Each structure stands twice: as structure tokens, then as C-alpha cells.
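Undergrad: structure of the sequence below:
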Amino acid sequence: MESLTGLQATLEQVYNQMLPLCGSLIGAAQGIAGFAALWYIAARVWRQIAAAEPIDFYPLLRPFALGLAIMLFPGVIAVMNGVLQPVVAATNNMVQDSNAAIATLLQQKTLAEQKTPAYQMFVGTDGEGDRDKWYKYTHPDDPTDSHEGMIGSVGNDIKFAMAKASYNFRNSIKEWMSEILEVLYEAAALCINTIRTFQLIVLAILGPLVFGIAVFDGFQHTLTVWMARYVNVFLWLPVANIFGSIIGKVQQNMLQLDIAQIQSTGDTFFSSTDTAYLIFLLIGIVGYFTVPTTANYIVHAGGGNSLLQKINSLVSSSTRTVVSAGGGFAADAFGNQRENVTQSYAVNSESEGYFKDKLKN
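TA: Here you go, the predicted structure:
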């Protein structure tokens, strides 16, 4: 688990190492921006000269501002990251505080479990259990096993071995499932951060080209879309941290319930390895993949759900096909109203359409 968490810092190092690669595209972007600036300025100056209007110099400064931003593009990225990084740091502190509280509660829960009769009977200090404690607990009328006998001793040995095996098996299965889901939970968070880092690197490297193309008329929107997309992707990690802190708070409340039940009843049915905990881990795994959608609520980067649009268009075309196929039945049931709606009245004259057959008869 700690190794998976440590990979988050590795991704940050990869981003910092790949960021200087954007400098290799600055020259090409400057060439594109310079060519676009000639057309941009010439078109406006020529129009104003042809119309005998005074030249407005303020709009002509836009290509120069974009060219300066391209020249200083690493500084532009540094400024954007510097503005957004405090959000990541603040949410990361939330997760660390939550994890520290969970670790403290887990230690308290472990100490409370070690004091329970079941743990002392079936695990004990050496992991082999304590048969004498088990016998005293299950035979309160004969705590000194004076009436056990040889045959009874063999039978009790078998009962104790079976009870210990059942206890260890239940805990082993729960621990095994818990560890698998915890790994998947951390892997989901790492997957989101990996995709985020990859997209940020691509956006940063190709940023100078976007700035250069944005000088052309008709491509000004590419600059705002790029900035919105960069901020949107950057916010994936803060949203994931907030989601992780929420799940951590749920785990803290469950562990506090576990400790209270152990202290009151000597056992617990909601533990870190029981059903409720596993369900919340599943919720966390699924919830991490909603992080991009949640970040889009904060900064909308444009574009819709292409899959949803394809499904809607497929359903709409299927509906039109069914309606068209059922047109003959509609004509017979409702007279000529269908053709009047779907076609012109000229088509439905006495020589065409519905009335043609009626006049022949």
C-alpha cells in the first residue's frame, strides 16, 4: 500500500522532467504565430484603410501578446501551476490527516481485539491459541477439567481445533478480501492521477502550438479551450483527494463503531475486514472514476458525452424508421392526415396520393 502511495510523488517527478520538452516547440510556434500575425494585422489595417477609417491599434496588440506568451511559455505554465498548486496541497493535507486518524483508530481497534475472549482463545500470544481458556469459557460448570476424562479430552481437542480453524478461516478470508479491495482502491486513485499526469504533459508540450494557432482568425477559441482543459485536468487530483478524505471519514466512523462494540460486547460484526468496510471500498473504487465528471462541474472544458450523443442519434433514427415503416397503417387508420403532415397538399390532389385510389373506385 505504501509503495502505491509513493508512486504519486513519482508521477509528479515525471511531469517536472517532461515539462521542459515544451521548449522544443517554441520555435515552431513562433513561426506559426508570426505568419498568422501578418495576416491578422494586414486584414484589419487594409479593411480600415479601404473604408477610410482611423486605424484601431488596440486589437492589433493581440498577436504580439500571444507571441510574448509563446516566448515565455515555460513561465506561463509555471504561473498557472503556481496558482493551482495550493488547491492540491490543501486537499492533500486533508487526505494525510484522514489517513493518520485511520491509522490511530486501527491501532486502538487491534488492541481492543487482543483483549477479547475469542482472540485470546483462538490466537493468543503465540498464534496457537489457548485450549485451557477455551475449555473454561465453553464449560463454566467444570473450569478445572476434572470431569473431562480421556475420551472427553480427545473430543474437546477436536472441537477446539475445529473452532480455532473456523475462527482463523473467517478472519483470513476477510483479511484477504480486504487487502485485495484496498489494493484496487489505491490503484483506482493511482490510475486517475496517471491519466491526469499524461494529459497535463501532452497539454503542456503542445501548448506553444495552441498559442500560435490561436492568432489566426477563427481559431481564437482554441486558446480558451486549452486553458479550460488544462485547469480541468489539473483539478482531477484535488477532487480525488476530497473524495478520498470523505471515504476516510466514513472509515473513521466505522472504526469508532467497531471499537465501541468490541468494548461493550467483546466482538464486532462491523470491522475493517467485514462487509460494510468492503462495500465502502467498492464505492470508493467506482467513485474515483467519477472524478473527471466532477472536475468538469468546476471548470467546464467544452464538449459533450460522445457516447450519449451516439446513442441518442441511434434511437432517434430507429424511431424515424419505425414510424416510416408504419406509415401505411397510419394512412388507413387516419385517412389522409399523415400525408398532409409529411408531404404537401399539392401531392395529395385528386390525381395523386390517397384520393387517387378512392376516385378510381
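
Undergrad: who's in contact with stretch 11-27?
TA: 70-71, 73-74, 77, 193-194, 197, 200-201, 204-209 (Cβ atoms under 8 Å, 6 or more residues apart in numbering). For every residue, glycine as well, the C-beta is placed using N, CA and C.

Undergrad: give the buried residues for that stretch.
TA: For stretch 11-27, the neighbour count (16 or more other Cβ atoms under 10 Å) marks 11, 15, 18-19, 22, 25-26 as buried.

Undergrad: spell out which residues make up each domain of the protein.
TA: With domains defined by automatic domain parsing, the chain comprises 2-18+85-204+220-303, 305-361.

Undergrad: of these, which shows the lowest average pLDDT?
TA: Among the domains of the chain, domain 305-361 carries the lowest mean pLDDT, a mean of 47.

Undergrad: helices of the stretch 151-300 of the chain, residue ranges please.
TA: 207-213, 221-234, 236-265, 275-288, 291-298 (DSSP state H, counting those that start in this stretch).

Undergrad: packing partners of the last one?
TA: Taking 3 or more Cβ pairs under 8 Å, 6 or more residues apart in numbering; DSSP states H and E as contact, the helices and strands that helix 291-298 lies on are helix 221-234, helix 236-265.

Undergrad: now with 6 Å?
TA: Other helices and strands packing on helix 291-298, by 3 or more Cβ pairs under 6 Å, 6 or more residues apart in numbering; DSSP states H and E, are helix 236-265.

Undergrad: so the helix it packs on versus helix 291-298, what angle?
TA: Put simply, helix 236-265 runs at 120 degrees to helix 291-298, going by axes from the mean of the first three to the mean of the last three Cα atoms, to 10 degrees.

Undergrad: list phi and psi for residue 116.
TA: phi -80, psi 150 (degrees, to the nearest 10).

Undergrad: about what we covered before: for the helices of the stretch 151-300 of the chain, which one sits closest to residue 180?
TA: For these, proximity to residue 180 was assessed by Cβ to Cβ; helix 275-288 is nearest, at 9.3 Å.

Undergrad: angle of the closest one against helix 291-298?
TA: Counting by the same axes, to 10 degrees, helix 275-288 lies at 60 degrees to helix 291-298.

Undergrad: quick check: residue 184 touching residue 286?
TA: No - here residue 184 does not reach residue 286: they are 10.5 Å apart, not a contact under Cβ atoms under 6 Å.

Undergrad: more neighbours: those two, which one.
TA: Between residue 184 and residue 286, counted using other Cβ atoms under 10 Å, residue 184 has the larger neighbour count: 15 against 10.

Undergrad: for residue 101, see how far away residue 192 is.
TA: Note on residue 192: its distance to residue 101, by Cβ to Cβ, to the nearest Å, is 23 Å.

Undergrad: okay, the two: which has more neighbours?
TA: residue 192 (20 against 16).

Undergrad: so who does the more buried one touch?
TA: Contacts for residue 192 (Cβ atoms under 6 Å, 6 or more residues apart in numbering) come out as 240, 288, 291.

Undergrad: before we move on, the earlier item: and which of the buried residues of stretch 11-27 is nearest to residue 116?
TA: residue 11 (41.9 Å).

Undergrad: what is the mean pLDDT for the host helix or strand of residue 27?
TA: Residue 27 is part of helix 26-50, with elements assigned from DSSP states H and E. Throughout helix 26-50, pLDDT has a mean value of 82.

Undergrad: begin at 354 from here
TA: All right, first residue 354 from here; so that's helix 379-403.

Undergrad: the helix or strand that that helix is followed by: which residues count as buried?
TA: Later in the chain than helix 379-403, the nearest helix or strand by DSSP H and E is helix 415-424. Using 16+ other Cβ under 10 Å as the test for burial, helix 415-424 gives 416, 419-420, 422-424.

Undergrad: kindly report the same for stretch 564-584.
TA: For stretch 564-584, by 16+ other Cβ under 10 Å, it's 564-569, 575-576, 579-580, 582-584.

Undergrad: for that stretch, which outside residues touch it?
TA: 382, 385-386, 389-390, 393, 416, 419, 422-423, 556, 563, 652, 654-655.

Undergrad: now for these, which pair is the farthest apart?
TA: Going by Cβ to Cβ, the pair spanning the contacts of stretch 564-584 furthest: 390 and 652, at 29.0 Å.

Undergrad: compare those two (neighbour count), which wins?
TA: Neighbours per residue, other Cβ under 10 Å: of residue 390 and residue 652, the larger number sits with residue 390, 19 against 15.

Undergrad: pretty sure the more buried one is touching residue 417, no?
TA: No - the criterion here is Cβ under 6 Å, and residue 390 misses it with residue 417 at 7.4 Å.

Undergrad: about what we covered before: could I get the helices of the stretch 504-653 of the chain as TSV with distance to residue 489?
TA: Shown next, in TSV, are the helices of the stretch 504-653 of the chain (distance: least, Cβ to Cβ, whole Å):
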stretch	distance to residue 489
helix 560-566	74
helix 574-587	62
helix 589-618	19
helix 628-641	32
helix 644-651	54
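
Undergrad: state the distance from the residue positioned nearest the centre of the chain to residue 580.
TA: Centroid check for the chain by Cα atoms, centre = their mean gives residue 642 as the closest residue, at 2.5 Å. The gap separating residue 642 from residue 580 is 25 Å, by Cβ to Cβ.
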